[in-house]
Structures are given as C-alpha cells and as structure tokens.
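Student: Dropping the sequence and predicted coords here.
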Amino acid sequence: MQERKNTVVLGKEESDSYYLISNKIKCAKQALHPGFIDAADREAGRIVRDAIFALADYQALQNNFWRELAARHGIKPEHITKLRIDFAANRLYIDGEQ
C-alpha cells in the first residue's frame, strides 16, 4: 500500500475547479473515441479537430491548476505529479511521501 502524506485541506473552490476541469477532459476524450463519430458524417473532421483542441486546452488548464495549487500551498514543483485529491475528504495528498 502506498503511503500518503496529508498536505492540506482544500477549499471548496479549489476542489470544484479541479472536478470541473477533470470532467471536461473526460468529455473531450469521449468525443475522440472511435465509436463516437460516424466517419461518413461530413462534419466528422471538424468534430474531431474541435475535440482535440478542447482536450489540449483542458489539459493545459489542469497543468496550470496543479502548478498554482502547489505554489499556493508551498508544495515543491517536483511533487506536482504525485498530488492527488480526495474529493470525499476534500484533502490534497502527495502519494508516496512519508
């Protein structure tokens, strides 16, 4: 079992922001699923292109969210990829830290 270091209790706005970004990424990925779009549809190329751009935009938002969250709470940049949010507890953890 991986150790988790409790770093901070998140504010509702922080938790809600990440949840929203995460849902937008999931929706964009769904739109790129091969069975989602009829290849014979004349608009298929535009739909795929728009979904790719949306996914890139939301991933950039997510990256900015993590950087800003880490800076706001004094978390070292090298720990950003280990950050996890427990929505039920509204807490931010660093996985693998003791």
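Tutor: Yes, it's here.
Student: any chance you could map the helices in this structure?
Tutor: Ranges of helices within the chain are 12-31, 44-72, based on DSSP state H.
Student: Look at residue 32 and say how many residues are nearby.
Tutor: Neighbourhood size, residue 32 [other Cβ atoms under 10 Å]: 14. (Glycine included, C-beta is placed from N, CA and C.)
Student: Tell me which residues touch it, please.
Tutor: 48, 51-52, 55 (Cβ atoms under 8 Å, 6 or more residues apart in numbering).
Student: of all those residues, which two lie farthest apart?
Tutor: For these, the maximum inter-member distance is 10.5 Å, found between 48 and 55 (Cβ to Cβ).
Student: of these two, who's got more company?
Tutor: Ranked by neighbour count (other Cβ under 10 Å), residue 48 and residue 55 place residue 55 first, with 18 against 15.
Student: then stretch 50-67 to CSV, C-alphas only?
Tutor: Output in CSV follows, covering the C-alpha atoms of stretch 50-67 (Å, rounded to 0.1, in the frame of the first residue of the first chain):
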residue,chain,number,x,y,z
ASP,A,50,-12.6,20.6,-32.1
ALA,A,51,-12.4,17.7,-29.6
ILE,A,52,-8.6,17.6,-30.0
PHE,A,53,-8.3,21.4,-29.4
ALA,A,54,-10.7,21.2,-26.4
LEU,A,55,-8.7,18.3,-24.9
ALA,A,56,-5.4,20.3,-25.3
ASP,A,57,-7.0,23.4,-23.7
TYR,A,58,-8.4,21.5,-20.7
GLN,A,59,-5.1,19.6,-20.2
ALA,A,60,-3.3,23.0,-20.1
LEU,A,61,-5.9,24.3,-17.6
GLN,A,62,-5.3,21.2,-15.5
ASN,A,63,-1.5,21.7,-15.6
ASN,A,64,-1.9,25.3,-14.6
PHE,A,65,-4.3,24.3,-11.8
TRP,A,66,-1.7,21.9,-10.3
ARG,A,67,1.2,24.5,-10.6
